[in-house]
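Colleague: structure for this input, please:
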Amino acid sequence: MAAAAMLALPGCSSFFGYKPKPGSLGTGSGRQRQRVERLNLGGIIVKATISDAKTTDNDLKQAGIEDSEFISDSGGGISQEADVVVIGAGIGGLCCAGLLAKYGYKVVVCESHGVAGGAAHSFKRQGFEFDSGPSFHAGLSTKPSINPLKQVLDALEEEVKCVQYKSWIGYLPEGTFKFTAEKEAYAAEIGRAGGERAAREWRELEAKMEPLANAAMGLPATALRPDLAVVLTAGKFLPGMLPYLPYTADLLSPFSKIVDQVVKDPFLRRLIDLECFVLSGLLADSTITAEMVTMFTERHRKGGTIDYPLGGGGSIIAALVRGLKKFGGKLQLNSHVEQIVVENGRAVAVNLKTTRGPSKGRSTIRAKKAVISNASVWDTAKLLPPREGVSVPFLKRADATPKTESFVHLHLGIDATGLPSDLECHHLILNDWEKGVGAPQNVNLVSIPTVFDPSLAPAGHHVVHAYTAGNEPYSIWKGMDRRSPEYASLKEERSQCLWNALERIIPDIRGRVKLKMVGTPLTHERFLRRTEGSYGPAIRAGKATWPGPFSEVPGLLHCGDSTLPGIGVPAVAASGMIAANALVPFWQQIDLLNQIEAVL
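Modeller: Numbers count the residues shown, from 1 in each chain. Purely as a prediction, here's the structure:
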């Protein structure tokens, strides 16, 4: 995503690595690794049928979803050593760790939760399997793909079987709006809902976006690194990018800069704000251009589709964990990092509190090369020694980083009897344009993944996930006792917007409910260890820039949605790639590029 826009990452003055032994892909800690053969990408699943759907319990166990398989070998209080310690098993952290393991590093991933995946993990209750967060993916089942997550999966020789689909339904004040992953169909729907002027201006905007998209997509994320050696790793792609180099300067500008040049129609401007908001949590005047032109181009290209992973979002995490293990990496669940250890001005270790298993207790893992945090900038700051001199600039940056709002979730198991067979999986509900797209509870999203994968629920039932789109104020919930009647009452009150949204799709849904769970910003804060349950940083294009992987603390790198390219699944996967590539010599990265044939 937005690869050309990442060439000028901040904080990339240092470069460190080592030369691999002849015949090896990488030799972390001097350990010889057999060279990995070139990947065979010919077997990528393009379209899977529902009969392929189920990810078995054995698959999940092998992938590390059960914590018993990944408990530390050391006893409590005994120090381990690794080349790299990654804090957090979210998508960014797992992508980073998997690539480093493939490069030959000894990698340990420490995850507080009892299951990997962070905000993208899956969980099961009473026979219903739920996605905790993202369920909307593109480019997971096609080749070539510009999706950095797909590129990491290819590098790790893993695949995720998907069902492909084309459309989802929007419920707008004007009526229903059918979003379609196809250029002509989307433009036609804009004309139907907004009129001829809106359609004409959308076509003009498409023309403006085309060279910007070519510039943004000219480099695969696998070619990026945060130092001058990017000229070498990206060299094979530069000739194709030359015609578009003049456009790269605009990629980090607000998307509104290009929109304002051609779009005057009120409906189309609102629709564009909505598209930006559900992707980045910000409106067009704060979302970077690269993110939007890449999204529209990938979604609307010929043959473009949306993917739902069979087995749910957890099957993506399972694939990343399998890849990590395959190359010798280790995942420790129920292992909470209490502190990043700083010695002589450098991050050198993490102190752990392990809550289950044979290594229950406190221990330390020393990192010979680096500590990489996949936690948010605010939660990473909490792990640093507050009085350590090198921590101060990081702590100041964390304090100065604005936050997006949080979420209210409804996870439901419902009786599907009598529901239409052509029910759509994804639905987007916007209640009132006049309140503003980003107003609290004004935008709601719904996913019914059992439309594609019936194995996620008992026979004759559906799984439903509805949530506010990163617009729930934390201040309403701050300081509440989660066991109090007041908290229970507020959960019911603040989830009514989701019930109202669901009744537009399934009018009698309240009478169908077999299982109900309500999540709040406090749920996010507790289980995902996200400060204030935030969706992520509200870094506004044109006013501030996303930081790169290097932090103000030597030896501490960062990946995830607090770093460039920002919020969203493809973005955090790209951030994991960039952080991993920051630790390896450029020739190893070029070797990997050649292996995965990442020519787009």
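
Colleague: hang on, isn't D307 packed against H137?
Modeller: Yes. The criterion here is C-beta atoms under 8 Å, and D307 meets it with H137 at 4.7 Å. Every residue, glycine included, has its C-beta placed from N, CA and C.

Colleague: who has more neighbours, those two?
Modeller: Set side by side, D307 and H137 show more neighbours around D307, with 27 against 21, by other C-beta atoms under 10 Å.

Colleague: mutual contacts of D307 and H137, please.
Modeller: Common contacts of D307 and H137, defined by C-beta atoms under 8 Å, 6 or more residues apart in numbering, comprise C162.

Colleague: what sits against E129?
Modeller: 122-123, 312, 314, 456-457, 463 are the contacts of E129 under C-beta under 8 Å, 6+ apart.

Colleague: with C425 instead?
Modeller: Counted by C-beta under 8 Å, 6+ apart, C425 has contacts 165, 168, 308, 447-449, 451-452.

Colleague: could you rerun that using 10 Å?
Modeller: Neighbour list for C425: 135-136, 163, 165, 167-169, 306, 308, 446-453 [criterion: C-beta atoms under 10 Å, 6 or more residues apart in numbering].

Colleague: look up the closest residue to it, ignoring the ones flanking it.
Modeller: Closest residue to C425 apart from its sequence neighbours, by C-beta to C-beta, 6 or more residues apart in numbering: V451 at 4.4 Å.

Colleague: okay, now that neighbour: neighbour count?
Modeller: Neighbours of V451 (other C-beta under 10 Å): 22.

Colleague: ok, it to M517 distance?
Modeller: 20 Å (C-beta to C-beta, to the nearest Å).

Colleague: please apply the same query to I316.
Modeller: I316 is 22 Å from M517, by C-beta to C-beta.

Colleague: what about these two, which has more around it?
Modeller: Set side by side, I316 and M517 show more neighbours around I316, with 29 against 16, by other C-beta under 10 Å.

Colleague: report the rounded mean pLDDT for whichever helix or strand the more buried one is part of.
Modeller: Using DSSP states H and E, I316 maps to helix 314-326. Averaging pLDDT along helix 314-326 yields 97.

Colleague: buried residues of that helix, list them for me.
Modeller: By 16 or more other C-beta atoms under 10 Å, the buried positions in helix 314-326 come out as 314-325.

Colleague: how about the strands of the stretch 251-400 of the chain, start to end?
Modeller: Assigned by DSSP state E, counting those that start in this stretch, the stretch 251-400 of the chain shows strands spanning 306-309, 330-332, 335-343, 346-354, 361-373.

Colleague: quick one: those strands as a markdown table, columns for distance to L384 and mean pLDDT too.
Modeller: Listed next are the strands of the stretch 251-400 of the chain as a markdown table, based on distance: least, C-beta to C-beta, whole Å; pLDDT from 0 to 100:
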| stretch | distance to L384 | mean pLDDT |
| --- | --- | --- |
| strand 306-309 | 35 | 94 |
| strand 330-332 | 21 | 96 |
| strand 335-343 | 6 | 95 |
| strand 346-354 | 8 | 94 |
| strand 361-373 | 10 | 95 |
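
Colleague: out of those strands, indicate the one that is most buried.
Modeller: For the strands of the stretch 251-400 of the chain, average neighbour numbers computed from mean count of other C-beta atoms under 10 Å are highest in strand 306-309, which has a mean of 26.

Colleague: which strands or helices does that one pack on?
Modeller: Packing partners of strand 306-309 (3 or more C-beta pairs under 10 Å, 6 or more residues apart in numbering; DSSP states H and E): strand 162-165, helix 314-326.

Colleague: so where's the chain shaky on pLDDT?
Modeller: Low-confidence segments of the chain (pLDDT under 70): 1-78, 359, 597-600.

Colleague: I'd like the next helix or strand past the longest helix along the chain.
Modeller: Ranked by number of residues, the top helix in the chain under DSSP state H is helix 196-216. The helix or strand immediately downstream of helix 196-216 is helix 230-233, counting by DSSP H and E.

Colleague: which strand residues bridge the nearest residue to V341 once chain neighbours are set aside?
Modeller: Excluding the flanking residues, the one nearest V341 by C-beta to C-beta, 6+ apart is A349, at 3.9 Å. With DSSP bridges as the criterion, A349 is bridged to V341, R366.

Colleague: from the contacts of E129, which ones fall inside helices?
Modeller: Within the contacts of E129, residues falling in helices by DSSP H are G314.

Colleague: can you pull the contacts of the closest residue to F277 other than its chain neighbours?
Modeller: Leaving aside its sequence neighbours, F277 sits nearest to V437 (C-beta to C-beta, 6+ apart; 4.9 Å). Contact analysis of V437 by C-beta under 10 Å, 6+ apart lists 270-278, 282-284, 430, 443, 469, 471.

Colleague: just the ones of those residues in helices?
Modeller: Members of the contacts of V437 lying in helices (criterion: DSSP H): 270-278.
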